[in-house]
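J.: I'll drop the sequence and a predicted model, then ask my questions.
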Amino acid sequence: MKRLNQQGALKPLMFASLLSLSTFTSADINDATVNDGKAVATETSSMSANSAKNTTPLNLNQIAERYIPEAEEVGEARLKIMFWKIYDAKLVASKGQWQANSPFALSLTYLRDFDGEDIASRSVDEMRDIGYEDEVELAKWYEQMRSVFPNVKEGENITGVLDTNKHTHFYYQGKLIGSIDDISFGQSFFDIWLHKNTSEPEMRKQLLGMTKD
């Protein structure tokens, strides 16, 4: 059972929402990376502020096609805790077959509002529960996630991608808002849903297509 925050809202198990780094808008960011626990944005040199604002958001298929050859949906699932609906999740991989060592994308559409700092904290808790014991590393990852995770609203979508270099890229509402190049982070983060010791094994089965007829 996931615990409640002080307002009674559930803390998600997750990956969650990443909006553009709070001090930057989409007009300011061409690509973003996280280093040493701090969010770093690179200013766009070839794109005007006007054109950046008008950038068309990408759907899940378009995001996946940037990183994944022959991208297809692997599976989907809804996380519910008691009578609370938390989010809908979709996993996309090459030819619809997920492999840990190949690029993939995990997309979440939130069905409740969540605080970004709580999401970062809960994500670290989930990593720890799976078996990650390096508290120095976990503390660094917490600060990195806290730097980029926003407060999310019902209906908003976040997509995380692990690319061929094991770098993690985050899209909020179809727009790239941050990347973390730490290879260990990517594996640990997506293990929240995909590791055999996940806290939601039935959801893992659905995402991996193990319950299909």
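T.: Noted; the coordinates are in hand.
J.: Can you name the residues that contact residue 62?
T.: Going by CB atoms under 8 Å, 6 or more residues apart in numbering, residue 62 touches residue 174. All C-beta spots, glycine's among them, are computed from the backbone N, C-alpha and C.
J.: Looks to me like it is in a helix.
T.: Yes. Residue 62: assigned to a helix according to DSSP: H, G, I helix; E, B strand; the rest coil.
J.: what about the most centrally placed residue in the chain, distance to residue 168?
T.: Nearest to the mean C-alpha position of the chain, by CA atoms, centre = their mean, lies residue 160 at 3.9 Å. Separation of residue 160 from residue 168 (CB to CB, to the nearest Å): 6 Å.
J.: same question, residue 158
T.: Distance from residue 158 to residue 168, by CB to CB: 12 Å.
J.: now swap in residue 150 and tell me
T.: Plainly put, residue 150 is 16 Å away from residue 168 if you go by CB to CB.
J.: next one: residue 104
T.: 11 Å.
J.: now do residue 198
T.: For residue 198, the distance to residue 168 equals 18 Å [CB to CB].
J.: Between these two, which has more neighbouring residues?
T.: Legend: neighbour count by other CB atoms under 10 Å for residue 198 and residue 168, higher for residue 168 (24 against 19).
J.: any idea how far the nearest residue in space to residue 114 that is not next to it in sequence lies from residue 159?
T.: Excluding its sequence neighbours, the residue lying closest to residue 114 (CB to CB, 6 or more residues apart in numbering) is residue 152, at 5.1 Å. Using CB to CB, residue 152 is found at 13 Å from residue 159.
J.: What are the boundaries of the helices in the chain?
T.: For the chain, the helices defined by DSSP state H cover 49-53, 60-67, 116-130, 135-148, 183-194, 201-207.
J.: Which residue ranges of the protein form strands?
T.: With strands called from DSSP state E, the chain shows them at 31-35, 38-42, 71-81, 84-94, 104-110, 157-162, 168-172, 175-180.
J.: give the contact list for the spatially closest residue to residue 162 that is not a sequence neighbour.
T.: Of all residues not flanking residue 162 in the chain, residue 186 sits nearest, at 4.9 Å (CB to CB, 6+ apart). Each residue near residue 186 by CB under 8 Å, 6+ apart is listed here: 162, 166-168, 180.
J.: Could you export those as a markdown table, including pLDDT?
T.: Formatted as a markdown table, the contacts of residue 186 follow (pLDDT from 0 to 100):
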| residue | pLDDT |
| --- | --- |
| 162 | 97 |
| 166 | 96 |
| 167 | 96 |
| 168 | 94 |
| 180 | 88 |
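J.: quick revisit: what touches both of residue 160 and residue 168?
T.: By CB under 8 Å, 6+ apart, the residues touching both residue 160 and residue 168 are 189-190.
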